[in-house]
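Enquirer: next one to model:
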Amino acid sequence: MSKKLKTYNSSVETSATIQHISVWSEIKALTKFKLALMVLMSSILGYLIVAGFDASPLILGLLSLGGFLTTAAANILNQVLEREYDAQMDRTKNRPLAANRMKVSDAVLMAGISMVLGIGMLAFINPLTALLGTLSLLSYAFVYTPLKRYSTASVAVGAIPGALPVLIGTCAFEGTLSVLGLTLFGIQFLWQFPHFWAIGWLSFEDYKKAGFKLLPINEEGNIDNNIGLYSGIYALLLIPVCYLGYLNDARINIAMFIGSMVLSIAYLVFCILLQKRKDRKSALALMFSSFFYLPLILLVYMIF
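Expert: Got it, this is the predicted structure:
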């Protein structure tokens, strides 16, 4: 084989590799791959918490793939609807639709296929799991997404589909709404307020440019000085939610309760520090504490 032919073949292979990596990168960005995996994690942990040693590999597989595809569909639709606003923010302007690297019709088609396959897999588990999956997708894409530009109530609305994955996980095994499942839902619902407000604090100028109303603001249009207090109220509410679960479901033992109390109090402390210091460093600390809080508390319920 001549040197020219070898060089040509090498160039073609390199080009194909780059194109493959590029397509995979676009899919990851469009589906918000890392976020989808985090959502999926809460569903899987929710399932394992209630199923224990009775977990079914088949159901776990259907829940994992169906949950991921449903979440991916919701994330794609979110980017379809927000593509003009994503283009105005530094952290999102390079997304495939915002940067005009992908056709909207292609993204909608991908979302449709993902939705049908994902909900179909959840329906194979049981009707309630599919219903909750559908509710999560529709409320995230078509209620929370447009509401972000009109009201700070969007955070509360978005916290519902944000908390449904763990409940979907428990329903995949139980086929009903149990106290334990609702307790986990309540924990994940309340957890999101400090989490989102910490992120909102750190990305306030970006959100402001795009017209997103995710944070309480003062008359001057700046972040409300009591955002740490508001976050702390929701973190504090985690304690009675955990306690009520402990009182009303025998599967929640004293070790789970104590572990959840310790983590919730620690989460509350970071909210208090934000209220006291009102600086970027404290908002960053609260955000990172939120990343640890949710998986840790779910692991406490699963291990004990």
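Enquirer: quick check: residue 76 touching residue 31?
Expert: Yes. Residue 76 is within contact range of residue 31, at 6.2 Å (criterion: CB atoms under 8 Å). Glycine gets a C-beta too; all of them are placed from N, C-alpha and C.
Enquirer: what sits in contact with each of those two?
Expert: Common neighbours of residue 76 and residue 31, using CB atoms under 8 Å, 6 or more residues apart in numbering, are residue 114.
Enquirer: where does the protein dip in pLDDT?
Expert: 1-21 (pLDDT under 70).
Enquirer: one more time with 80, if that's ok
Expert: For the chain, applying pLDDT under 80 flags the ranges 1-21, 219-221.
Enquirer: domain boundaries for it, per the record?
Expert: As assigned by automatic domain parsing, the chain contains the domains 9-149, 178-304.
Enquirer: off-centre distance for the longest one?
Expert: By that I understand domain 9-149. Centroid separation for domain 9-149 versus its chain: 11 Å, with CA atoms, centre = their mean, to the nearest Å.
Enquirer: and the shortest one, by the same measure?
Expert: Distance, stretch centre to chain centre, for domain 178-304: 14 Å (CA atoms, centre = their mean).
Enquirer: quick check on residue 89: phi, psi?
Expert: The phi/psi pair for residue 89 (degrees, to the nearest 10) reads phi -110, psi 140.
Enquirer: what number of residues lie near it?
Expert: Residue 89 has 19 neighbouring residues, counting by other CB atoms under 10 Å.
Enquirer: start at 35 instead
Expert: All set: I'll call the first residue 35, so the last point we hit is now residue 123.
Enquirer: just give me the neighbour total for the residue nearest to it when sequence neighbours are not counted.
Expert: Nearest non-adjacent residue to residue 123, counting by CB to CB, 6 or more residues apart in numbering: residue 240, 4.3 Å away. Residues lying near residue 240 (other CB under 10 Å) number 16.
Enquirer: so what's residue 240 up against?
Expert: Going by CB under 8 Å, 6+ apart, residue 240 touches 123, 124, 125, 126.
Enquirer: distance-wise, check it relative to residue 209.
Expert: 42 Å (CB to CB, to the nearest Å).
Enquirer: same question for residue 67.
Expert: For residue 67, the distance to residue 209 - CB to CB - is 30 Å.
Enquirer: mind checking which of the two has more residues around it?
Expert: Ranked by neighbour count (other CB under 10 Å), residue 67 and residue 209 place residue 67 first, with 17 against 13.
Enquirer: let me see the contact set for the more buried one.
Expert: Under the criterion of CB under 8 Å, 6+ apart, the neighbours of residue 67 are residue 61.
Enquirer: now do residue 269
Expert: For residue 269, the contact set (CB under 8 Å, 6+ apart) comprises 224, 227, 228, 298, 301, 302, 305.
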